[in-house]
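Participant: below are the sequence and a predicted model; questions follow.
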Amino acid sequence: MKKENTAFRYLINLVAIIILMVVFVVLSFHSNNTLKLKVAPAVWQCCYLIIMAASLNLVLGYLGQLSLGHCGFMAVGAYTSALISLALQRAGFYTEKNSIQFAITLIISIVAAAVVAALIGVIVGIPALRLKGDYLAIITLGFGMIIVNLINNIPFCGQQGLAEGAASSALYANGLGFTNDEKQSFMWVGVLIVVLCMTTMVMFVRSKFGRVIRAIRDNEIATSATGNDISYYKILTFVFSAFFAGIAGALYSCANVSLATTSFAFTNGSILNSVFIVVTVVVGGMGSMTGSVIAAIGMFLLNYTIKNGSWVNALPEFLKNVFTYPMLVYSIALVIVILFRPKGIMGDKELSLFDIPGYPKRIASYFKNKKAAKEV
Amino acid sequence: MSTFMQFITTGLRLGSVYALIALGYTMVYGIIKLINFAHGDFIMVGGYTLFFTIPAFMKLGLPGWAAVFIAIIVCAVVGMLVELLAYRPVRKRGNNLTSLITAIAMSFILENLAQAIPAIGPDPRVPYMLFNNDIKIGSFSISVATLITIVVSAIIMIGLYQFTQKTKIGRAMRCVSEDKQAAVLMGINVNKVIIITFAIGAGLAAVAALMYIAQYPKVTTTMGATLGIYAFVSAVLGGIGSLPGAMLGGIIIGIVQSGTSTYISSSMADTFVYLILIVVLMVKPAGILGKNIGEKV
Amino acid sequence: MEDTRKTVLRTQHLGITFGGLKAVSDFNIEIKEGELVGLIGPNGAGKTTVFNLLTGVYKPTEGAIFLYDEKISGKKSHQVVQAGIARTFQNIRLFHQMTVIENVLVAFTKDVKYGLFSAIFRTPAFWKTEKELHEKAMELLKIFSLDDKADVVASNLPYGEQRKLEIARALATNMKVLLLDEPAAGMNPTETADLLKCIKVIREKFKVAILLIEHDMSLVMNVCERIQVISFGQTIAAGLPEEIANNQQVIEAYLGK
């Protein structure tokens, strides 16, 4: 609670963020094939996965409500940003992506994506006032499905976009979609957006809003018995969470030249779907923002190494067969994490830069305790 | 008129399949308060078992449909294994959400394990067609498969309902779902009840698989995922934890789906199914036949 | 001696029916500023239902509730609290995963003036408010000698302190009437004695009116100025503690005829 201490912590975190940004700006303009073909696409994927996990954590970890349709908001954001940028492109507002006009387009698209998703968030938030637990979960699942189903049926969102061609489950034209070169040179933009979003969410959580929301999770009746309007805070959280899922959707549009609704489904064979975002939040730790970041990156890397790692080829034949289905290894890993850390990697604690110097000691003592426990 | 009858029979048939699957969801949910995401995949297990056993039965001169008994046994065993190896250990350590995540993981494991088995592989298989002739009553014709699906489902549901009301183990099931702690105090072996519930639920999924492939002769490793979601929606719509609710919910979802496909557009079916669900839950938060238990202050 | 204190809380023919069952009927009570009134009655008499009516958890099917001259029946739970009635619960309802000080801070929320913008951009207004609230919360915790446990997670507190924290949290809403629902339930004699001291301190420091539900008769007889007894939703007696102790109807209600 000491003011100087808080100021010092803010300063250190700010410095850390600046260093991170400098590193990514340098990487963005460094010509290198590995960077261009492997790192940049991976960074973009991580960007939207992180925002998705963190924004769902607001609802799941802090408000304590299970939402199974989070990717629906992302779909809204992705399509909104893709169509707006496409309209601006077709209107001749910008022609190439290294222009100030494109920067404006990008900002407009992202803001629009967030706002439209947030509006949909209001609609989904209203049932949350009446329903709880598994019933709310199934309603959010329903909304997610309806969003995807409607997008499939709107000619405006299909094929070439803006009603050119019939309704379809895929949108092939996208004003934001970056090529590999652009993915690299715009990489720092993605990271910057993640930093901004994460900061906003952390500030939200560490204010009266976060306090009341956690209170609702712990005991709804007591929260209203302390004079707080739970309906207001519940809707606010749903809207806030949807807002960021919309931004994640816009980043998805940047990272993909064409959009397909299956990417935003309830489940599918990949790691981007509503169920897997839930899994990421739980693995990272419900109520831990840094946990969500760690889990999103970790889950991505696990998936990536299984899919692309050369070590898979070195395995014996029968095992290789198993590894051609990354989801199998993935889910086994998941069960193992859940069995050994039921509260997720971080629990409800946050990883702070100030804790890191103490970690080697803590890990050592953890193992010592384990050993001692075994000997007893 | 014939379009209308067509839509009703298709709806009832689809609904019966959903209802059979929904029963499994509802029973498990009633007892351990877990959305068993892997339940849909039991249908897939049943589907593949049937794919292999129907031709074998025919070769032996037995009726093809009798293979369903093998499928029931296989599914029941898989169901019990999932409970024993995954759910039970996690239930002891974690909370509701960790159980849910385990269920999701089990669903992925079953789907992908099936793909990794060389005899199954990722490509769809076409099973032997059963009951593929029609019965004509005047100008109206109905396929044998439809008739059998509706009749068999109805019989199973009535039987299951009687089972939970009249038998000792059925009563134990209802006790556990009302109050687990009290059931333990009454000397009920809760773990035994849970495992039997899983076996019954998975067995019903095998029957549903037979009905399903008689209608859509295609078996894939992900067939359970979509079917499972519709069935789960049915269970919630009817009031999760209630057996008649699951049946009612299944029929409603089946009718809505077939109605949308017949009169509007098959691609809009999802929207209508979920819209109905949302509207019903907004009016009756615990589903049509569910009991709404508010928190006592 | 005529009581000149102003009436804080008053009900008129308050009643509620649950599906044909009259849980509470024709309930009338008047509580004056700084007064401590006890509400007693056998199990299932409807005492907690009265609390739920007073705090807006249930909507009364008949009658009305007034806080000073403002009609508060029909308001939502959080509006009733904002108007000035706070409560504790029979089964403790803390925010168990949050720290002691956070539990109190949540009750201060309605006094927080900063909005979403200030929270996200950490404006000076944010820091100022947060600092003031922390100081206020610590002061309040000090009264209950919980200040040294401010950063302990609530569920890790011993039982007696959890009860105290719940009272502290109710006081933080800055109310005029405090409703305590069986605060001594499950406490051992030392904890009860401690609670008694606590209630006395609250009355001195905050000058609030208290309505108390309690089964521990020694506690009720000890602290209450007046007592009202209900049985099967009906008021059967009201008066001074010694009157109640000798009331034939009350004895019958508790022991049967």
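Facilitator: Perfect, thanks for sending it. Numbers count the residues shown, from 1 in each chain, chains lettered A, B, ... in the order given.

Participant: which regions of chain B sit below the pLDDT cut-off?
Facilitator: Residues of chain B meeting the criterion pLDDT under 70: B:1, B:292-297.

Participant: list the contacts for the residue nearest the centre of it?
Facilitator: Geometric centre of chain B, nearest residue: residue B:21, 0.9 Å, by CA atoms, centre = their mean. Residues near residue B:21 by CB atoms under 8 Å, 6 or more residues apart in numbering or on different chains: B:39-40, B:43, B:204-205, B:208, B:227-228, B:231, B:234, B:250. The way it works is simple: take the backbone N, C-alpha and C, and place the C-beta from them, glycine included.

Participant: hmm, residue C:199 and residue C:208 touching each other?
Facilitator: No. With contact defined as CB atoms under 8 Å, residue C:208 and residue C:199 do not form a contacting pair (10.5 Å).

Participant: list the buried residues for stretch C:111-130?
Facilitator: Buried residues in stretch C:111-130, counted by 16 or more other CB atoms under 10 Å in any protein chain shown: C:112, C:114, C:118-120, C:122, C:126, C:129-130.

Participant: ditto for stretch A:103-118
Facilitator: Using 16+ other CB under 10 Å as the burial criterion, the residues of stretch A:103-118 that qualify are A:105-106, A:109-114, A:116-118.

Participant: just those: which are in helices?
Facilitator: Mapping the buried residues of stretch A:103-118 onto helices (DSSP state H) picks out A:105-106, A:109-114, A:116-118.

Participant: make JSON lines from these and add distance to chain B and pLDDT to it.
Facilitator: Below are those laid out as JSON lines (distance: CB to the nearest CB, whole Å; pLDDT from 0 to 100):
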{"residue": "A:105", "distance to chain B": "31", "pLDDT": "95"}
{"residue": "A:106", "distance to chain B": "32", "pLDDT": "95"}
{"residue": "A:109", "distance to chain B": "26", "pLDDT": "96"}
{"residue": "A:110", "distance to chain B": "28", "pLDDT": "97"}
{"residue": "A:111", "distance to chain B": "28", "pLDDT": "97"}
{"residue": "A:112", "distance to chain B": "24", "pLDDT": "97"}
{"residue": "A:113", "distance to chain B": "22", "pLDDT": "97"}
{"residue": "A:114", "distance to chain B": "24", "pLDDT": "98"}
{"residue": "A:116", "distance to chain B": "19", "pLDDT": "98"}
{"residue": "A:117", "distance to chain B": "18", "pLDDT": "97"}
{"residue": "A:118", "distance to chain B": "20", "pLDDT": "97"}
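
Participant: for those, which one is nearest chain C?
Facilitator: Chain C has its nearest neighbour among these in residue A:118, at 12.4 Å by CB to the nearest CB.

Participant: test my guess that that closest one contacts residue A:243.
Facilitator: Yes. Residue A:118 is in contact with residue A:243 according to CB under 8 Å; the separation is 4.1 Å.

Participant: distance of residue C:14 from residue B:143?
Facilitator: Distance from residue C:14 to residue B:143, counting by CB to CB, to the nearest Å: 65 Å.

Participant: these two: who's more crowded?
Facilitator: The neighbour comparison of residue C:14 against residue B:143 (other CB atoms under 10 Å in any protein chain shown) goes to residue C:14, with 22 against 17.

Participant: list the contacts of the more buried one.
Facilitator: Applying CB under 8 Å, 6+ apart, we find residue C:14 in contact with C:24, C:26-28, C:50, C:53, C:60, C:62-65, C:73.

Participant: neighbours of residue C:85, how many?
Facilitator: Neighbour tally, residue C:85, other CB under 10 Å: 29.

Participant: and it, bridged to which residues?
Facilitator: Beta-bridge pairing for residue C:85 (DSSP bridges): residue C:177.

Participant: among the contacts of residue B:21, which are located in helices?
Facilitator: Mapping the contacts of residue B:21 onto helices (DSSP H) picks out B:39-40, B:43, B:204-205, B:208, B:227-228, B:231, B:234, B:250.

Participant: which of those come close to chain A?
Facilitator: Contacts with chain A are made by none of the ones in helices among the contacts of residue B:21, judged by CB under 8 Å from any CB of the partner chain.

Participant: filter these down to the buried ones.
Facilitator: The buried subset of the ones in helices among the contacts of residue B:21 (16+ other CB under 10 Å) comprises B:39-40, B:43, B:204-205, B:208, B:227-228, B:231, B:234, B:250.

Participant: can you tell me the centre-most residue of chain A?
Facilitator: Nearest to the geometric centre of chain A sits residue A:52, at 1.9 Å (CA atoms, centre = their mean).
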